[in-house]
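1. Structure of the sequence below:
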Amino acid sequence: MKTTLTWMGLLCFFVSTSFAQKNIDPTPEDISQAKKLREKYTKDDIAILESEETINFDFNKRAGKVTVDHDTKEHLMNINYRTDIHKYEFYDSESSIATFAIKYRNDKTASFFVKDEFYKDNDLFYNDAKVKYMTVDFPVQGYTYRYEVEKKYDDVKYFTVLYFNDEYPVLKKTMTFGIPNWLEVELKEFNFEGFKINKSSRKEGDMTYITYTMDDVPAAFKEDEAPGRSYTYPHIMVLAKSFTKDGVQSTLFKTSDDLYKWYKSLIAMMADDTSVMKAKVDELTAKAKTDDEKIKNIYYWVQDNIRYIAFEDGIAGFKPDESNHVFEKRYGDCKGMANLIKQMLKLAGFDSRLCWIGTKHLAYDYKTPSLAVDNHMICALMYKGKKYFLDGTEKFNSFGEYAERIQNKEVMIEDGDKYIIEKIPTTTCEANKELFKATLSIENEHLVGTCNHNYIGESRAQFLNIYNSFETNKKKERLDGYLSKQDKNILVSDVKTSDFQNRDTKLNIDYKIDIANKVSSFDNEIYIDLEFMNEYKGFALKDRKVDYEMDYKTAYDSQINLKIPDGYLITRLPSNLSIKETNFDVNITFEKTDKEIIYKKSFIFKNGCIKAAEIEKWNDFNKKLIENYNQQITISK
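-> A predicted model of the protein is given here:
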């Protein structure tokens, strides 16, 4: 009897397993569709056959807040062979996830292990981000799952932006907003030009339903150093302006005045105790001979002594931490650091204010009242009839210099019950000039001589960031390696530098150099490869679809002077090379005199970018650049 039951159990198991497998394996039609999609999307492993997002607004009477239910359903298909992916969803203290599930095509829930943990990134403006995620296994081509997420926002102000593009291509994307008649909301459309997005609207009782549909949505580009996605991809910003309940209208974010009013309410919650930092402010200002020096001492002290972090909890995602907490802990986020600079400057007798700003990553300005318009905070100093902006997260910025990421961006400056909108000043590439000069001669088939590097602006800040990343006890060794480009044929010695602690002067490095493997002699001729810096060599932007954005506007000049040995004449010089486009200008020239060869290079990226339309021209030029670098100089007796 026991044997019979076991056999019967096994039979039932195999039958049920076979039945279940039969219901989840891809059909011939699935496999055929997957193959066709793979031909279309050659670089993608997954396609979303259909994505439906439903957004409904409700009211929490007890909290007096408009809430949002955001539900997403996706039909996922593996269009490659075996594939593993991560499905994830972010949330925080102002939102929650009720459903996070993957189902087989037979509607049975797949038991993938779900992890739930805090998320940390290098971005600037943070609330307490958490993430739920799971690894999803697609065993064969054509395999499908149905993905479901139900997410709830406790306050509509935190529900800001929805994008059509996903990390995978989407065959059909639908977004439906259910808007009750008691809620005033604007759906602001961005980057719709050039895309076929259909919009429809219908009324049902007290509800208005607005639906957006887009077919054949390409996957978001997976490219580094790209513009923020708000510049590139079609998306909708949800602007909840007011709601009316029981005959009473309550304003949310109707104008930027309302946005500032909310920010100001967060500042009012702060309880700064500046007594803990008074002694330090007195110390920093006691020996200063001018007000400028007092300001710099405070600003640079914060840069040097407060460690930047990008992680806060709850409302602190938007509320600055008290200055005394940041001072005592010696760390803080951009908001806490801005507030510390403000309070220390106030103690020193200056008019300093908090500022909100969206970095270059964001395409918005303060004409749009939304929490999505800014992601950073800095401090403004009203001084001698001008406004100066101080960013504690920029570790090596000089007073009066501004990082590329905030230049020309609108800034909202606190001004009591009002506010001031200004733009951060912008600079030219010349403000970030980097110069290199070498004076060389030939000795025993080596190039030997002296070199000089000179940096200002953001080129100086970038170098100092690199230098200060070196281990303290190995800085000399690491600096030598940096200057020699880790090339075993280049020997660097006798390095002398300017004061790296002084942010207000040009940064200067002088050293001796000995380069092997660049000179060879045959009979009465000497062949010289004068290229050892190789700037931008191999900097090709392959298969790139979007702009390439540099850290800052660049102006780089190089000059190498090579002394001609006595009794020799120049018989061959490499050809000159140049290109001039809207966003980049490169010139490479060789000159000769009776006594020396002068090799000059100039790379100018005046807007700090290479636009997508220029990439092909840049790549063609880069090939010529490599060819030019590989040419030799010939001198003969």
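
2. Glu627: neighbour count?
-> 12 (other Cβ atoms under 10 Å). C-beta coordinates here come from the backbone N, C-alpha and C atoms, glycine included.

3. what about it, distance to Gln462?
-> 29 Å (Cβ to Cβ, to the nearest Å).

4. swap in Ile515?
-> 25 Å.

5. When these two are compared, which one has more neighbours?
-> Just comparing Ile515 and Gln462: by other Cβ under 10 Å the higher neighbour count belongs to Ile515, 21 against 16.

6. Give me the three-state assignment for Asp480.
-> Assigned state for Asp480: helix (three-state reduction, DSSP: H, G, I helix; E, B strand; the rest coil).

7. Roughly how far does it sit from Thr274?
-> 45 Å.

8. would you list every one of the helices in this protein?
-> Applying DSSP state H to the chain gives helices spanning 2-24, 28-40, 229-232, 256-268, 278-286, 291-305, 323-329, 334-347, 457-467, 475-483, 615-629.

9. Go through these and name the closest to Met134.
-> The closest of the helices of the chain to Met134 is helix 2-24. By Cβ to Cβ, the value is 17.2 Å.

10. Find the centremost residue of the chain, please.
-> Of all residues in the chain, the one closest to the mean position by Cα atoms, centre = their mean is His361, 6.5 Å from it.

11. what's the spacing between Asp417 and Lys264?
-> Counting by Cβ to Cβ - Asp417 and Lys264 are separated by 7 Å.

12. Let me see the contact set for Lys199.
-> Listed by Cβ atoms under 8 Å, 6 or more residues apart in numbering, the contact set of Lys199 reads 210-213.

13. same deal with Ile406?
-> Counting by Cβ under 8 Å, 6+ apart, Ile406 touches 357, 359-360, 376, 378, 389, 391, 424.

14. now do Ser493
-> Residues in contact with Ser493 (Cβ under 8 Å, 6+ apart) are 480, 511-514.

15. hmm, try it at 6 Å
-> Counting by Cβ atoms under 6 Å, 6 or more residues apart in numbering, Ser493 touches Lys512.

16. What residues are bridge-paired with it?
-> Ser493 forms beta bridges with Lys512, as assigned by DSSP bridges.

17. Tell me, how many residues neighbour the spatially closest residue to Thr109 that is not a sequence neighbour?
-> Among residues not flanking Thr109 along the chain, Lys103 sits closest, at 5.4 Å (Cβ to Cβ, 6 or more residues apart in numbering). For Lys103, the neighbour count with other Cβ under 10 Å is 16.

18. Next: Ser602.
-> Considering only other Cβ under 10 Å, Ser602 is surrounded by 15 other residues.

19. pLDDT weak spots in the stretch 251-400 of the chain?
-> Counting by pLDDT under 70, the ranges of the stretch 251-400 of the chain that qualify are 311-316.

20. burial count for Asp71?
-> 17.

21. Would you check that it makes contact with Thr54?
-> Yes: using Cβ atoms under 6 Å, Asp71 is in contact with Thr54, at 4.6 Å.

22. coming back round to it: name the stretch among the helices of the chain that sits most buried.
-> Counting by mean count of other Cβ atoms under 10 Å, helix 334-347 has the highest mean neighbour count of the helices of the chain, with a mean of 25.
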